[in-house]
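sequence first, then the predicted structure, then my questions.
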Amino acid sequence: MSLAAGTRLGPYEILALIGAGGMGEVYKARDTRLDRTVAVKVCAEQFSERFEREARAVAALNHPNICALYDVGPNYLVMEYIEGPTLAGPLALAEALPIARQIAEALEAAHEKGIVHHSGGYFASRSDSRPMNSALRWRSRSSTRAVT
């Protein structure tokens, strides 16, 4: 399923693969309309109507520790691209506590909008138990990091 550099998904030009998981692959890409770098998560299957409702719910979130959702395609999400190293552990307690606090603040913001957290970094609205993958971000002393 890997996409080659230069492949286009609508206005998004794939630059490089930056991660992969059970639900799909995440790419660094360029938004050719706005000339900005974005993250594109390509899922293995077409999105359902239920997924579209969940994408709208997550798009309504506006918090410094939640990556912005910019666009939705037939089988991909376009999110804010955040520079920085990938989280890898174990972490020292002094480094882990500020990250945990920022994640908790992001979850609190999601809960206030009626979106609840499920294990594995997934979100779903209270009215729907199907999970939706989202991304959290946090700031360290020297960079901003993301979990997708």
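That came in fine, so what should we check first? Numbers count the residues shown, from 1 in each chain.

C-alpha from now on. contacts and neighbour counts both.
Fine.

list the buried residues of the top helix by length along the chain.
Longest helix in the chain by number of residues (criterion: DSSP state H): helix 93-112. For helix 93-112, a neighbour-count test (16 or more other C-alpha atoms under 10 Å) marks 99, 102-103, 105-107, 109-111 as buried.

pLDDT of that helix, averaged?
Helix 93-112 shows a mean pLDDT of 89.

what do you get for stretch 44-62?
Stretch 44-62 comes out at a mean pLDDT of 76.

what distance separates the start and the end of it?
27 Å (C-alpha to C-alpha, to the nearest Å).

how far out from the middle of the chain is that stretch?
12 Å (C-alpha atoms, centre = their mean, to the nearest Å).

oh, and call the first residue 713 from now on, that's how I've got it
Let's use 713 as the start, then, which means that last one is stretch 756-774.

quick one, domains of this protein?
The chain breaks down by automatic domain parsing into domains covering 720-792, 805-859.
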